[in-house]
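Engineer: okay, predicted coordinates and the sequence, questions at the end:
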Amino acid sequence: MKETTNSVESFSPYLVGELLTLHRVADSSKVVLRIREPKQSQTLSCGMVVDLLGSSYDKSPSDGNNHTWNGSTTATQTVFLKLYDWRFATQLRDDAGIEPWTQEFGNEYAEMVMRGDEVDGFVRKLSDQSFREATEEDWDAGQNEASLAHEMLTMYRAETSVYRRLGDIQGTMVPRFLDALELDITPYGIVPSQQQRRHFLIKGILLEYIPGFNLSDLSSQAPPEACQGIVDQGIRIVHALSDRNVLNKDVRPDNFIVNRSYHNEQEDMVFRVAMIDFGQSRLRREDESDLDWGRAKWQQDEEGAVGQVMQHQLKRAGIEISYVPSYRYLEFAEGE
């Protein structure tokens, strides 16, 4: 992508104490959240711990009966919000070589959206690698923003599809999926058509909030005798995803949360591990052969990205754990 020349630094508007008003994708009803703690470092999107105001998401994630805001400013539940907001997704912009967002960039994007179906035509071409290679260096600010917005939408679709597939392990191995939301960023004074308005809607998801630490911080956050069991939990999660035909291209210790709690009168510590990021995941395609799927899984080595990586990391900290690869997809490695 072409680097912009505007050097004004951009700061995220998602600050502690700010109120956010979003709408449910299912029925457009209002949801009001108060930001408790930004968590930018945990995800390519904009992640934050929020208080859900005047509502409760304590029902099953698939029953479609979640309540909406009733005007109260008293938090009823603390949850986790992921906003696929390309404007303030620092890592996404850094990876793409695009400078921090400014209002000028936003204006150029809005002008592009309002020029008929220009954005839709541009987005359709993005899947063509030859188009990217031939034009990317010459993209203007509006096209840069449109490309990032499309990438975020792709992540949102991937993540929501994976959570649907993982319904039976929500609340244990992965967070509970609570709702799909939208944040309207249509600029003041602009009246887009229904088709154009889609490009001003930032997608978001509400998830169960799991307090804890990243698996990458295990050596400093848990007693050495607990490390083997914690890493084993992470490996079991990877296997559970494979059992459900999910391929995660971003398995790494930072994408696991370890929650610690105390149980019984002796205050024995219990650890729960959950995988938290599926924006770069995909489901097995219906027409994907065993060979193609097995080769993709073997090449990704999701299991080793937990077991082997953590074994080496803990060894550097003086903690020994055992990791023996399952070689579940070894048969598909032939001929490489």
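Structural biologist: Perfect, I can see it now.
Engineer: how about the strands of the stretch 51-200 of the chain, start to end?
Structural biologist: Counting by DSSP state E, counting those that start in this stretch, the stretch 51-200 of the chain has these strands, from start to end: 75-83, 177-184.
Engineer: tilt between the worst-scoring helix or strand of the chain on mean pLDDT and strand 75-83?
Structural biologist: Every helix and strand of the chain was ranked by mean pLDDT, DSSP states H and E. The lowest is strand 256-263, at a mean of 86. For strand 256-263 against strand 75-83, the angle by axes from the mean of the first three to the mean of the last three Cα atoms, to 10 degrees is 160 degrees.
Engineer: between the two ends of stretch 82-101, how far is it?
Structural biologist: One end of stretch 82-101 sits 19 Å from the other (Cα to Cα, to the nearest Å).
Engineer: my guess is Ile35 contacts Tyr14, does it?
Structural biologist: Yes: under the criterion of Cβ atoms under 8 Å, Ile35 makes contact with Tyr14 at 5.8 Å. Every C-beta, even on glycine, is put in place using the N, C-alpha and C of the backbone.
Engineer: joint contacts of the two?
Structural biologist: Residues touching both Ile35 and Tyr14 (Cβ atoms under 8 Å, 6 or more residues apart in numbering): Leu20, Met48.
Engineer: check contacts around the closest residue to Leu166 other than its chain neighbours.
Structural biologist: Nearest non-adjacent residue to Leu166, counting by Cβ to Cβ, 6 or more residues apart in numbering: Val174, 5.4 Å away. By Cβ under 8 Å, 6+ apart, the residues touching Val174 are Tyr163, Leu166, Ile237, Ala274, Met275, Ile276, Phe278.
Engineer: how about the helices in the stretch 101-250 of the chain?
Structural biologist: For the stretch 101-250 of the chain, applying DSSP state H, counting those that start in this stretch gives helices covering 103-113, 118-125, 129-135, 141-165, 194-197, 218-221, 224-243.
Engineer: for this protein, give me the ranges with low pLDDT.
Structural biologist: Within the chain, the ranges that satisfy pLDDT under 70 run 1-11, 40-43, 54-75, 262-267, 335-336.
Engineer: care to break it down by domain?
Structural biologist: The chain is divided into the following domains under automatic domain parsing: 19-208, 213-333.
Engineer: and Asn107, which of the strands of the stretch 51-200 of the chain is closest to it?
Structural biologist: Proximity to Asn107 (Cβ to Cβ) singles out strand 177-184 among the strands of the stretch 51-200 of the chain, at 17.1 Å.
Engineer: extract the CA atoms of that closest one and return them as PDB.
Structural biologist: Output of strand 177-184 as PDB, limited to C-alpha atoms (Å, rounded to 0.1, in the frame of the first residue of the first chain):
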ATOM      1  CA  PHE A 177     -20.000 -15.300  22.100                       C
ATOM      2  CA  LEU A 178     -22.700 -12.800  23.200                       C
ATOM      3  CA  ASP A 179     -23.600 -10.600  20.300                       C
ATOM      4  CA  ALA A 180     -22.700  -9.000  17.000                       C
ATOM      5  CA  LEU A 181     -22.900  -5.200  17.000                       C
ATOM      6  CA  GLU A 182     -22.400  -2.200  14.700                       C
ATOM      7  CA  LEU A 183     -21.000   1.200  15.300                       C
ATOM      8  CA  ASP A 184     -22.200   3.900  12.900                       C
END
